[in-house]
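Novice: sequence-free structure coming up:
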Ligand SMILES: NC(=O)c1ccc[n+]([C@@H]2O[C@H](COP(=O)([O-])OP(=O)(O)OC[C@H]3O[C@@H](n4cnc5c(N)ncnc54)[C@H](O)[C@@H]3O)[C@@H](O)[C@H]2O)c1
Ligand SMILES: [Zn+2]
């Protein structure tokens, strides 16, 4: 049909999900218009760091159904299995090969360079955001690298194995320590701080989350119509249609490009 051959599908796809056709000028939002940013992240932002996502592999998390390892009932029924599961996740996080990626670093840069209000709300229990430099951060589903005593309430950093026999360093009793993780059926952490930030935000960005786990999946509806809403995900999530803008591609490509656009910078590679 004449003219140059169309590029292969993968190449076109790549261009369309990267901001090559969109100049950073168009993406730049002046500080005067955006005062407050809330970013929500999920397991997808850590996937390229080597941590598997939750639903990706057929609804299993590292080979387990959530009812087996991520509910208070599971812990009551089989604390040994639950401890073993989180011990493995914690050990994996200590592996030197698991490091923050370009998407984590881009969000830390956004927080430090941004002049206005900022809150990063993560559903992730890994510590890759803080290792990348993020500080205004809420772990709404808890943290793998911490434990909590159900007897005295003590919360502390923990890098060791945990078992029903481990005694609490604060109160000395054993049998009450658990991962500092929010299990299904439990209340997320710091919801007041999150809701306050959502109530005042004018840019809401959801990254690497399948929008299947509530209340996080409902945040976009809380801000819609008032804030600019952006989804950055490998593929359309269950809530894609609720966002003003959707950028689909790997987090390590899409997030640095989006942040660079906001800050009016060149993309970090
Ligand atoms: N790293 C972690 O801390 C971790 C890992 C697994 C599960 N979890 C827990 O399980 C729950 C899972 O819910 P969720 O919505 O966070 O995750 P999810 O696993 O349900 O969804 C992950 C989303 O990320 C997308 N994704 C996959 N790879 C990506 C990439 N390279 N770039 C961009 N996006 C990518 C997927 O398409 C999917 O929509 C959370 O509550 C979390 O606490 C945490
Ligand atoms: Zn205690």
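Specialist: The structure has been received and is ready for your questions. Everything numeric in this text was worked out from a predicted model, so none of it was measured. Ligands and ions are numbered 1, 2, ... in the order given.
Novice: Buried residues of stretch 260-269, list them for me.
Specialist: Neighbour-count burial for stretch 260-269 flags 260, 261, 262, 263, 267 (criterion: 16 or more other CB atoms under 10 Å). The way it works is simple: take the backbone N, C-alpha and C, and place the C-beta from them, glycine included.
Novice: try stretch 170-181
Specialist: Those would be 176, 177, 178, 179, 180, 181, for stretch 170-181 by 16+ other CB under 10 Å.
Novice: Residue 171: what's it in contact with?
Specialist: 149, 151, 152, 154 (CB atoms under 8 Å, 6 or more residues apart in numbering).
Novice: er, residue 95 actually
Specialist: So residue 95 contacts residue 50 (CB under 8 Å, 6+ apart).
Novice: Distance-wise, check it relative to residue 89.
Specialist: Using CB to CB, to the nearest Å, one gets 11 Å for the distance from residue 95 to residue 89.
Novice: Strands of this protein, residue ranges please.
Specialist: Ranges of strands in the chain, per DSSP state E, are 36-41, 117-122, 137-139, 142-149, 155-157, 177-181, 203-207, 228-233, 245-248.
Novice: Name the strands paired with the last one and say parallel or antiparallel.
Specialist: This points to strand 245-248. strand 228-233 (parallel) (DSSP bridges).
Novice: Could you check the strand it pairs with against ligand 1 for contacts?
Specialist: Yes: residues of strand 228-233 are located near ligand 1 by CB under 6 Å from any ligand atom, namely residue 233.
Novice: i'd like the first residue to be 759 from this point on
Specialist: Sure, I'll start counting at 759 from here, so that last one is strand 986-991.
Novice: Quick one: mean pLDDT for that strand?
Specialist: Averaged across strand 986-991, pLDDT comes to 96.
Novice: hmm, back to that, pick the one among the buried residues of stretch 928-939 closest to residue 891.
Specialist: Using CB to CB, residue 938 is the member of the buried residues of stretch 928-939 that lies nearest residue 891, at 21.8 Å.
Novice: so that closest one sits right up against residue 904, yeah?
Specialist: Yes: using CB atoms under 8 Å, residue 938 is in contact with residue 904, at 3.8 Å.
Novice: which residues do those two both contact?
Specialist: residue 913.
Novice: For residue 870, which residues are in contact?
Specialist: residue 891.
Novice: before we move on, back to that, quick one: which of the contacts of residue 929 is the most crowded by neighbours?
Specialist: residue 907 (23 neighbours; other CB atoms under 10 Å).
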